[in-house]
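**Q** Please work out how this folds:
(one chain, ligands or ions: 2)
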Amino acid sequence: MNLDLFDDALEPPPARQDLAPGAVLLRGRALAQAPQLLAAAEGVMAAAALRHWLTPGGRRMAVAMTNCGPLGWVSDARGYRYQSRDPLSGQPWPALPPVIAELAVAVAEEAGYPSFRPDACLVNRYLPGTPLSLHQDRDEQDLRQPIVSISLGLPAVFLFGGLSRSERPARWPLQHGDVLVWGGPSRLAFHGVQALAPGRHPLLGEQRINLTLRCAG
Ligand SMILES: O=C(O)CCC(=O)C(=O)O
Ligand SMILES: [Fe+2]
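**A** Ligands and ions are numbered 1, 2, ... in the order given. Next up is the predicted model:
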């Protein structure tokens with residue numbers, strides 16, 4: 001009997017995993033701050049309600065979204081873009097909560113991006129059955145800045161592919177408190193999220209909230 005093999009099978013996944021050059025998954029990195037992150041996200045959602053953007057082609061996006069920070073990501077018939085005001089209210093987006101910004105900057109540094117300056121935080125809400133189809137994040141001005149993505153609530157399967165849509169993506173299970181960072185040679189990697197499986201999270205209930213921080217402007 002190979003005891004080494006047996007032990008390996010029982011070990012949890014490593015805390016840090018490289019997905020691709022420039023792309024790192026830090027498991028549980030946001031776990032300790034999760035209640036504060038969630039409270040901050042709830043404040044944002046109370047000030048700028050979740051909504052379903054229309055794609056430029058007129059289709060309602062499955063993921064409900066809102067933003068905080070100086071810039072927010074919006075989509076409508078005119079296209080995808082960042083803007084400083086919430087089109088629903090005409091008001092500036094809620095401020096980026098320091099607990100979110102500070103974690104994102106610290107994690108970016110740990111992942112090899114020491115000068116991350118986030119000015120946009122997208123809040124995504126997934127309910128069971130909600131997918132996010134494969135896409136690139138390329139509406140930002142400075143593609144040298146990475147993306148930091150914090151998962152809260154129900155688990156999800158993140159799809160991380162290559163620089164062409166045709167490349168078959170790898171599947172990475174994401175749990176509450178996991179943080180992903182991608183940039184550098186992976187900055188324009190295609191990625192998405194599989195339809196959320198039904199379930200109930202003790203803190204968030206039947207949903208997954210994802211906070212994605214970027215330098216957009
Ligand atoms: O929810 C996620 O994990 C990914 C979100 C994402 O790719 C995006 O908002 O552009
Ligand atoms: Fe994305």
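**Q** helix, strand or coil for whatever residue of the chain ends up closest to ligand 1?
**A** Nearest to ligand 1 in the chain, going by C-beta to the nearest ligand atom, is residue 210, at a distance of 3.4 Å. No exception for glycine: its C-beta is placed from N, CA and C like everyone else's. Put simply, residue 210 is strand when judged by DSSP: H, G, I helix; E, B strand; the rest coil.
**Q** and it, how far is that from residue 97?
**A** 15 Å (C-beta to C-beta, to the nearest Å).
**Q** Beyond the helix or strand where residue 103 lies, next helix or strand please.
**A** Secondary structure assigned from DSSP states H and E places residue 103 in helix 98-110. Counting by DSSP H and E, the next helix or strand C-terminal to helix 98-110 is strand 120-126.
**Q** what's whatever helix or strand comes next after that next one in contact with?
**A** Next helix or strand after strand 120-126 toward the C-terminus (DSSP H and E): strand 132-135. By C-beta atoms under 8 Å, 6 or more residues apart in numbering, the list of residues contacting strand 132-135 from outside reads 62, 63, 124, 126, 159, 161, 165, 169, 190, 191, 192, 193.
**Q** contact partners of the helix or strand that strand 132-135 is followed by?
**A** Counting by DSSP H and E, the next helix or strand C-terminal to strand 132-135 is strand 147-153. Contact with strand 147-153 is made by 30, 34, 37-38, 41, 100, 103-104, 107-108, 116, 118, 137, 174-183, 187, 201, 203-205, 207-214, as judged by C-beta under 8 Å, 6+ apart.
**Q** Go again with 7 Å.
**A** 30, 34, 37-38, 104, 107-108, 116, 137, 174-176, 178-183, 201, 204, 207-214 (C-beta atoms under 7 Å, 6 or more residues apart in numbering).
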